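Visitor: Give me a 3D structure for the following:
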Amino acid sequence: MDYASNIKTADKKRKQRYDFFMEILHLRDQGMTFRQIGEKYNRSSSLIGMYYYRAEKIRNIENNSGDITLDTKIDNLYGRGVIDVRTTNCLKNHGFKSLRDVIESKITIEELLKIPNFGKVGAKGLEMFFMEKFHYQIPREEKIFKQQIFNVCPHCGSKLRLSQQEN
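Guide: You can find the predicted model right below:
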């Protein structure tokens, strides 16, 4: 089996799983219990319940993902599956109310990382979200960026020796 056929097989299985989840949603909307659905597909009711909640989350993301604008409140992002709860809470606690507030503040990645509990994963996720949705690149502090990537002194621009890097 070559790489292309592996991809096709994985896509086919993903599509089958998606269709199965949507079928569970449909049957549940018709009034069937988890036990009845489990008996129909020879699965336990707890597994069907887990599949149902996954399918419900997928449906919510599909229904709500298209209407995100700069005026979308930070509180609403986690429920839509856009960013994780920690990132949402950090942005709210820092005083941001909407996505527009984040962009207009011109906050840098380094400043985001200084917010308590805001980590690299959250910063990367937020950066990717802004790039994909609004084509906006969150700025970086040039001196720190150069120092981290190229081992350059932030003051004079000269290359650092190994002994200077350790200090």
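Visitor: per-residue confidence at Ile37?
Guide: For Ile37, the model assigns a pLDDT of 93.
Visitor: which SSE is it in?
Guide: Under the criterion of DSSP states H and E, Ile37 resides in helix 34-41.
Visitor: Just the buried residues of that helix, please?
Guide: By 16 or more other C-beta atoms under 10 Å, the buried positions in helix 34-41 come out as 34, 37-38. Yep, even glycine has a C-beta here, placed from its N, CA and C like the rest.
Visitor: Check which helices and strands that helix is in contact with.
Guide: helix 3-29, helix 45-64 (3 or more C-beta pairs under 8 Å, 6 or more residues apart in numbering; DSSP states H and E).
Visitor: As PDB, could you dump the C-alpha coordinates of it?
Guide: Coordinates of each C-alpha in helix 34-41 appear next as PDB, following Å, rounded to 0.1, in the frame of the first residue of the first chain:
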ATOM      1  CA  PHE A  34     -28.600   5.700  24.100                       C
ATOM      2  CA  ARG A  35     -29.500   2.100  25.000                       C
ATOM      3  CA  GLN A  36     -31.800   1.700  21.900                       C
ATOM      4  CA  ILE A  37     -29.100   3.100  19.600                       C
ATOM      5  CA  GLY A  38     -26.500   0.900  21.300                       C
ATOM      6  CA  GLU A  39     -28.600  -2.200  20.700                       C
ATOM      7  CA  LYS A  40     -29.100  -1.200  17.100                       C
ATOM      8  CA  TYR A  41     -25.400  -0.900  16.400                       C
END
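Visitor: quick one on the thing from earlier: tell me the most buried of the helices and strands packed on helix 34-41?
Guide: Most buried of those, by mean neighbour count (mean count of other C-beta atoms under 10 Å): helix 45-64, with a mean of 15.
Visitor: what's that helix in contact with?
Guide: Contacts to helix 45-64, defined as C-beta atoms under 8 Å, 6 or more residues apart in numbering, come from residues 18, 20-22, 24-25, 28, 33-35, 37-38, 41, 43, 79-81.
Visitor: Can you give the contact residues for the helix holding Ile37?
Guide: 20, 24, 27-28, 32, 43-49, 52.
Visitor: switch to 6 Å and redo it
Guide: Here helix 34-41 makes contact (C-beta atoms under 6 Å, 6 or more residues apart in numbering) with 24, 27, 44-45, 48-49.
Visitor: Taking these, tell me the two that lie furthest apart.
Guide: Spatial extent of the contacts of helix 34-41 (C-beta to C-beta) is set by the pair Leu27 and Ser44 at 15.5 Å.
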